[in-house]
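Colleague: Just to be clear, the model below is a prediction. Sequence and coordinates:
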Amino acid sequence: MDILIALLSVGGLIFVFVIIPLLFSAIKIVQEYERGVVFWLGRLQGTRGPGLIFIVPIIQRMVRVDLRTVTLDIPTQEAITKDNVTVKVNAVAYFNVVNPEKAVVKVEDYRRATWQIAQTTLRSVLGQSELDELLAHREEINEKLQRIIDEQTEPWGIKVSIVEVKDVELPDTMKRAMARQAEAEREKRAKIIHAEGEYQASQQLAEAARIIGQEPSALQLRYLQTLTEIAVEKNSTIIFPMPIDLVRFFLEHFGGQKPQEQ
């Protein structure tokens, strides 16, 4: 009787501490944004989920894979551009798993592997680009980075959707040189605009001189108009010499003699 009680006690302990945990470990819940990669005695069996999944304890094993987009910060990388300028650049990449089986079987840690590939690719692309391209054509640099990283991670079941260069840090000497260049460009544009204005003004003056040369009376009318405007603005009386042509006219017709020319 004592032996039976002992066996029941041992059986109860085994049931509580072994059977029940095994039963609970056989039940897996896979979320909507996850997939479970199942192995049977070490061999790939397939992908399951989402929902409730039953796994045979000890014989089967399941690895969860998150399918959501991952934000990957690429730390600052120091590189030398094609035109021998040292720059420091950081970036950000967005990727997600499109093939859970490859992400588990083909690479040990797909997140770390993608991170390493992104760093080396960033340095490589910077070394193939000139500084002006990096500053003025950043979209093209981003597209090139995305394409190269995506091609290298595709065998792992990874899809790299976006790569963005965030900050470009230049040496202080280069910043000062670029500031001087920008100032010179502004002065150059100002001089060009001023020269164009002078050229247009000279053309208009030449045209006005041509018209006045054909019509001398137009000059006298403009002269009188200017004096009238000055008198109105200054609110004063202006004494001005009478044109010699008008004096000659009066002397010839009313004085009976011509004025002496000096």
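Modeller: Received the coordinates, thanks. Residues are numbered from 1 along each chain as shown.
Colleague: Just the buried positions in the strand or helix carrying V163, please.
Modeller: With secondary structure defined by DSSP states H and E, V163 is part of strand 158-169. For strand 158-169, a neighbour-count test (16 or more other CB atoms under 10 Å) marks I158, V160, V163, V165, V168 as buried. Any C-beta I mention is one placed from the backbone N, CA and C, and that applies to glycine too.
Colleague: I'd like to know how far the first one sits from T71.
Modeller: Taking CB to CB, to the nearest Å as the measure, I158 falls 14 Å from T71.
Colleague: likewise the second one?
Modeller: Distance from V160 to T71, counting by CB to CB: 12 Å.
Colleague: same question, the third one
Modeller: When CB to CB is the yardstick, V163 and T71 sit 12 Å from each other.
Colleague: shared neighbours of those two, anything?
Modeller: Common contacts of V163 and T71, defined by CB atoms under 8 Å, 6 or more residues apart in numbering, comprise V92, A93, Y94.
Colleague: how about JSON lines for the residues you listed, with distance to D83 and neighbour count added?
Modeller: Shown next, in JSON lines, are those (distance: CB to CB, whole Å; neighbours: other CB atoms under 10 Å):
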{"residue": "V92", "distance to D83": "26", "neighbour count": "14"}
{"residue": "A93", "distance to D83": "26", "neighbour count": "25"}
{"residue": "Y94", "distance to D83": "30", "neighbour count": "15"}
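Colleague: Distance to A113, pLDDT and secondary structure for those - can I get that in JSON lines?
Modeller: Shown next, in JSON lines, are these (distance: CB to CB, whole Å; pLDDT from 0 to 100; DSSP: H, G, I helix; E, B strand; the rest coil):
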{"residue": "V92", "distance to A113": "17", "pLDDT": "95", "secondary structure": "strand"}
{"residue": "A93", "distance to A113": "13", "pLDDT": "95", "secondary structure": "strand"}
{"residue": "Y94", "distance to A113": "16", "pLDDT": "97", "secondary structure": "strand"}
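Colleague: nearest to L134, of the residues you listed?
Modeller: V92 (16.2 Å; CB to CB).
Colleague: so where do the helices sit in the stretch 1-150 of the chain?
Modeller: For the stretch 1-150 of the chain, applying DSSP state H, counting those that start in this stretch gives helices covering 2-14, 20-25, 100-105, 110-127, 131-136, 138-153.
Colleague: how far away is I149 from Q116?
Modeller: For I149, the distance to Q116 - CB to CB - is 11 Å.
Colleague: Name the residue in these two with the higher neighbour count.
Modeller: I149 (24 against 11; other CB atoms under 10 Å).
Colleague: wait, what's in contact with the more buried one?
Modeller: By CB under 8 Å, 6+ apart, the contact list for I149 reads A93, T114, I117, A118, T121, V160, V163.
Colleague: now, which of those sits nearest P100?
Modeller: Among these, and counting by CB to CB, the member closest to P100 is T114, at 14.8 Å.
Colleague: That closest one: neighbour count?
Modeller: Neighbours around T114, by other CB under 10 Å: 22.
Colleague: wait, isn't V63 in contact with E34?
Modeller: No: V63 lies out of contact with E34 (CB atoms under 8 Å); the separation is 10.4 Å.
Colleague: Not counting sequence-adjacent ones, nearest residue to D167?
Modeller: Spatial nearest neighbour of D167, excluding adjacent residues (CB to CB, 6 or more residues apart in numbering): N90 at 5.5 Å.
Colleague: and for V160 and T71, which residues touch both?
Modeller: Joint contacts of V160 and T71 (CB under 8 Å, 6+ apart) are A93, Y94.
Colleague: Could you check how far V85 is from P171?
Modeller: 8 Å.
Colleague: could the buried residues of strand 158-169 go into CSV alongside pLDDT?
Modeller: Listed next are the buried residues of strand 158-169 as CSV, based on pLDDT from 0 to 100:
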residue, pLDDT
I158, 96
V160, 96
V163, 94
V165, 91
V168, 84
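Colleague: how about the residues you listed in JSON lines, adding distance to A103?
Modeller: Below are the buried residues of strand 158-169 laid out as JSON lines (distance: CB to CB, whole Å):
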{"residue": "I158", "distance to A103": "7"}
{"residue": "V160", "distance to A103": "13"}
{"residue": "V163", "distance to A103": "19"}
{"residue": "V165", "distance to A103": "26"}
{"residue": "V168", "distance to A103": "32"}
